[in-house]
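In: Sequence below, structure please.
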Amino acid sequence: MKFGQIHLSDHFTFRKLLRFTLSPILMMLFTSIYWIVDGFFISNYVGSSAFAGVNLIFPVVMIVACVGFMYGSGGAALVSKYLGEGNKDKANKTFSLITYSALITGIVLTFAFVFLVRPIAQGFASINSIHTTEEMIDNATIYGQIMIGGVTLYIMQGYFHPFFSVNEKSELGFLFTFISGITNMILDHLLIGVFKLGVVGAAAASLSGMFISAVGPYLYFLLGKNNLIRLGRPQLDFKDILKSITNGSSEFVANVSGSVVTIVFNIQLLKYIGEDGVSAYGIIAYVCFVFFAIFIGYSVGIAPVIGYNYGAQNKDELTNVLRKSFIIISITGVIMTSLSLALARPITYIFANDYPDLLELTVRAMRIYSVCYLLCGFSMFGSSFFTALNNGLISALISFCRTLVFQLSSVFILPLIMGVDGIWVSIIVAEFLASSMTIIFIIVKEKKYGYSLFKTEKSITKL
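Out: The predicted model follows:
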């Protein structure tokens, strides 16, 4: 059976859940892997200052680019709800409207931020000038300006991801991502390894890949036949734009606040360690990209199913998907933590084999950090779950507290008690609090939406 034969209206077994979400998971996973390839080439062919500079400014690029995830997640939830209600014409018009809204927003943000990159990099560096260099600032500026210049591509790449699942053809989304990633990797080798273009080559390679995964899906939804949803003439409806923004506000908050947390982590690491601390966190972040991508991919992939059944008022299937998702997330978290503990040194060696002090620092940090993978999947899924239920407020609250409240407070307080280790432990404390909060919200809202996480009801189809 092919992926396209699984429909949003189906009853989902474990096998069908994993098959339906496999392509979104691979899509996010592959995107993360080619960011890691960027880091590998920069750290091994350009140097530690360039690597630190890129990791210093990358969160700023992500803050701008996360608009795409906001429109995409919120819009997909709204469009899948309309499909569940049987209103396909409204679904298509809304899809078209949100697509062009995201495109226009990206162009505006490019002009707004491109000239701010160097002042931002200098501002970060000035916090502890003893542990920073002008070379790091220069590399951060060059990389950041090129990436911000093409950030509309980044926005549209993130925007189209969830709509392939809504269209019941998620494998095509992975295909675009795969081609995009291969392009980026090949160009990394040529531009950085062969032609020695440094961070300029890294940024150019990334944007070339993004061009494929942004323009390709646009043409597919515009020209493709036999699609469940397709681009056409939008119907201006400010309520739908506002609803997609509020629905996706959690993804916006999660990505913006996650980037803010990364900036604060870098500031704390510059304060306590210096450039090596930023580089160590950069290596850990690449591992996080991979592991978090699995949770994010699953959450993005399953959200249209939740949105569809919410629109169709199929409460039994909502319960079925929720319970199975918690089991899948629990098992995945155990596997991730075990892998991170076992592979901490081999992974770190790839990036820091020529820097013994950085190697030892990163291995210790990664082993502490690995515990968070047991917990983080629940809050990520919970935020996406409420987005799919068109409850942007709770979704955003989970994301906001997970990062800006729990992580920021922990990363400032724990180092005062535990020293440098407190920076790494802070993520564990934050994820524990966020997952607990998520479970409480899910239980409290059971009556409103009609699902049941723990209670046994005879009307619910057996797992």
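In: and residue 289, what does it touch?
Out: 32-33, 35-36 (Cβ atoms under 8 Å, 6 or more residues apart in numbering). In this view, the C-beta of every residue, glycine as well, is placed from N, C-alpha and C.
In: Go again with 10 Å.
Out: Applying Cβ atoms under 10 Å, 6 or more residues apart in numbering to residue 289 gives the contacts 28-29, 31-36, 39, 296.
In: now, among the residues you listed, which is nearest to residue 76?
Out: Of all these, the one sitting nearest residue 76 is residue 296; the distance, using Cβ to Cβ, is 13.5 Å.
In: burial of that closest one, as a residue count?
Out: Using other Cβ atoms under 10 Å, residue 296 is surrounded by 26 other residues.
In: tell me which element residue 385 is part of?
Out: Here residue 385, judged by DSSP states H and E, is contained in helix 376-388.
In: distance between that helix and the chain's centre?
Out: Averaging C-alpha positions (Cα atoms, centre = their mean, to the nearest Å) puts helix 376-388 12 Å from its chain's average.
In: what helices or strands is that helix leaning on?
Out: helix 48-84, helix 151-166, helix 238-247, helix 249-272, helix 275-311, helix 315-352, helix 392-400, helix 421-444 (3 or more Cβ pairs under 10 Å, 6 or more residues apart in numbering; DSSP states H and E).
In: Could you pull out the buried residues of it?
Out: Neighbour counts using 16 or more other Cβ atoms under 10 Å place 376-388 of helix 376-388 among the buried residues.
In: sec struct for residue 196, please.
Out: Under the three-state scheme (DSSP: H, G, I helix; E, B strand; the rest coil), residue 196 adopts coil.
In: Please tell me how far it sits from residue 189.
Out: Note on residue 196: its distance to residue 189, by Cβ to Cβ, to the nearest Å, is 12 Å.
In: neighbour count winner among these two?
Out: Each of residue 196 and residue 189 has its neighbours counted (other Cβ under 10 Å); residue 189 has more, 16 against 10.
In: Which pLDDT value does the model give the more buried one?
Out: With respect to pLDDT, residue 189 scores 95.
In: need the contact list for it.
Out: So residue 189 contacts 37, 41, 45, 195, 201, 205 (Cβ under 10 Å, 6+ apart).
In: one step back: rank the contacts of residue 289 by pLDDT and give me only the lowest.
Out: Lowest confidence among the contacts of residue 289: residue 34, with 68.
In: Tell me the one among the contacts of residue 189 nearest to residue 80.
Out: residue 37 (33.0 Å).
In: okay, now that closest one: neighbour count?
Out: 20.
In: Is the residue nearest to residue 353 when sequence neighbours are not counted part of a helix or strand, or is it coil?
Out: Once flanking residues are discounted, residue 353 sits nearest to residue 359: 7.1 Å by Cβ to Cβ, 6 or more residues apart in numbering. Three-state call for residue 359 (three-state DSSP): helix.
In: Hmm, residue 359 is touching residue 48, no?
Out: No - with contact defined as Cβ atoms under 10 Å, residue 359 does not count as touching residue 48 (11.8 Å).
In: If you count surrounding residues, which of those two has more?
Out: More crowded of residue 359 and residue 48, by other Cβ under 10 Å: residue 48, with 22 against 19.
In: which residues do residue 196 and residue 189 both contact?
Out: Contacts common to residue 196 and residue 189, judged by Cβ under 10 Å, 6+ apart, are residue 45.
In: which stretches of the stretch 101-250 of the chain have low pLDDT?
Out: 127-132 (pLDDT under 70).
In: ok so, going back, now render the buried residues of helix 376-388 as CSV, adding pLDDT.
Out: As requested, these are exported to CSV (pLDDT from 0 to 100):
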residue, pLDDT
376, 93
377, 94
378, 96
379, 93
380, 92
381, 95
382, 94
383, 90
384, 90
385, 95
386, 94
387, 88
388, 90
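In: returning to what we had before: intersection of neighbour lists for residue 359 and residue 48?
Out: 276, 351-352.
In: Residue 404: which of those residues is nearest?
Out: residue 276 (26.6 Å).
In: Quickly note the distance from the nearest residue to that closest one once chain neighbours are set aside to residue 352.
Out: Computed as Cβ to Cβ, 6+ apart, the closest residue to residue 276 that is not its neighbour in sequence is residue 358, at 4.9 Å. Here the criterion is Cβ to Cβ. By it, residue 358 lies 4 Å from residue 352.
In: go on, residue 450?
Out: 51 Å.
In: How about residue 196?
Out: Taken as Cβ to Cβ, the span from residue 196 to residue 352 is 21 Å.
In: Just the buried residues of stretch 433-445, please?
Out: 433-435, 437-439, 441-442, 445.
In: neighbouring contacts of that stretch?
Out: Under Cβ under 10 Å, 6+ apart, the answer for stretch 433-445 is 322, 326, 329, 333, 372, 374-383, 385-386, 389, 391, 394-395, 397-399, 401-403, 405-407, 409-410, 449, 451-455.
In: mind running it again at 7 Å?
Out: Identification of contacts with stretch 433-445 by Cβ atoms under 7 Å, 6 or more residues apart in numbering yields 375, 378-379, 382, 394, 398, 401-402, 406, 453.
In: and if you look at stretch 373-384?
Out: By Cβ under 7 Å, 6+ apart, stretch 373-384 touches 250, 254, 291-292, 295-296, 299-300, 303, 325, 329, 332-334, 336-337, 340, 395, 398-399, 402, 431-432, 434-435, 438-439, 441-442.
In: Output it as PDB, nothing but the C-alphas.
Out: Extracted as PDB, the C-alpha positions of stretch 373-384 are listed here (Å, rounded to 0.1, in the frame of the first residue of the first chain):
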ATOM      1  CA  TYR A 373      15.100  13.700  25.000                       C
ATOM      2  CA  LEU A 374      13.100  11.600  27.400                       C
ATOM      3  CA  LEU A 375      10.700  14.500  28.000                       C
ATOM      4  CA  CYS A 376      10.800  17.000  25.100                       C
ATOM      5  CA  GLY A 377       8.600  15.100  22.700                       C
ATOM      6  CA  PHE A 378       5.500  15.500  24.900                       C
ATOM      7  CA  SER A 379       5.500  19.300  24.900                       C
ATOM      8  CA  MET A 380       6.300  19.400  21.200                       C
ATOM      9  CA  PHE A 381       3.400  17.100  20.400                       C
ATOM     10  CA  GLY A 382       1.100  18.800  22.900                       C
ATOM     11  CA  SER A 383       1.700  22.200  21.300                       C
ATOM     12  CA  SER A 384       1.000  20.800  17.800                       C
END
